[in-house]
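J.: Sequence plus predicted model, see below.
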Amino acid sequence: MYLIVGLAVVAIGIGALLLGTKGNNLELTGTILKVRVLPLSPVASLVIVDFRVTNPSDVPFVMKGASLTLDPASGSTLDGMTVSKPDIESVFKYNPILGPKFNDVLGIQDKIAPHQRLDRTVGARFELPEAQAEDRKAVHLHIEEFHGATADLVEKK
């Protein structure tokens, strides 16, 4: 009888410990809201991604960097060359064909506070004609945190 009671107390203690530290597991969830393509040359395009992320944990998520990859309709996955924050600001300023800039551009050391939701923008250059970039299967956004946590968002077409 004492053995069963002792095991029950230990099980309750372990359960409370696991539930109590659940918020310390750093993660980021979200979705890609909009993808825009700007032709740079006959063989290169700029892909601008607007996305929404949420930090459900109890720990702030500090951005280390982000990268974009693109799955063309035919061929293998392409890695994009990430465009800097000032360059994306200039692209929106001088290319009204893209439409309005809805969100701030994602930058290094941007923080997402615990339980906060943010909308951000990121861009990358792909060595791919505009028509092929528009006719893509998907765009993948990979976000890294300074302490090693990562998040991957995929466009739903």
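T.: Nice, I can see it.

J.: Sketch out the low-pLDDT regions of this structure for me.
T.: For the chain, applying pLDDT under 70 flags the ranges 16-24.

J.: could you point out the longest helix in it?
T.: Ranked by residue count and defined by DSSP state H, the top helix of the chain is helix 2-20.

J.: Distance from the chain centre to that helix, please.
T.: From the chain centre to the centre of helix 2-20 is a distance of 38 Å (C-alpha atoms, centre = their mean, to the nearest Å).

J.: Now it - C-alpha only, CSV.
T.: Taking Å, rounded to 0.1, in the frame of the first residue of the first chain, the C-alpha atoms of helix 2-20 are listed here in CSV:
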residue,chain,number,x,y,z
TYR,A,2,2.8,2.4,0.9
LEU,A,3,4.6,1.5,-2.3
ILE,A,4,1.5,2.5,-4.4
VAL,A,5,1.1,5.8,-2.6
GLY,A,6,4.8,6.6,-2.9
LEU,A,7,4.7,5.9,-6.7
ALA,A,8,1.6,8.1,-7.1
VAL,A,9,3.3,11.0,-5.2
VAL,A,10,6.4,10.6,-7.4
ALA,A,11,4.3,10.5,-10.6
ILE,A,12,2.4,13.7,-9.5
GLY,A,13,5.7,15.4,-8.8
ILE,A,14,7.2,14.6,-12.2
GLY,A,15,3.9,15.6,-14.0
ALA,A,16,3.9,19.0,-12.1
LEU,A,17,7.6,19.5,-13.0
LEU,A,18,7.0,18.8,-16.7
LEU,A,19,3.9,21.1,-16.9
GLY,A,20,5.7,23.8,-14.9
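
J.: Next SSE downstream of that helix?
T.: Note on helix 2-20: by DSSP states H and E, the next helix or strand toward the C-terminus is strand 29-41.

J.: Tell me the strands beside the very next helix or strand once past that following strand, with direction?
T.: Downstream of strand 29-41, the next assigned helix or strand under DSSP H and E is strand 44-54. The pairing partners recorded for strand 44-54 under DSSP bridges are strand 29-41 (antiparallel), strand 117-126 (antiparallel).

J.: for strand 44-54, which positions count as buried?
T.: Residues 44, 45, 46, 47, 48, 49, 50, 51, 53, 54 are the ones in strand 44-54 that count as buried (16 or more other C-beta atoms under 10 Å). Where C-beta positions appear, they are placed from N, C-alpha and C, glycine not excepted.
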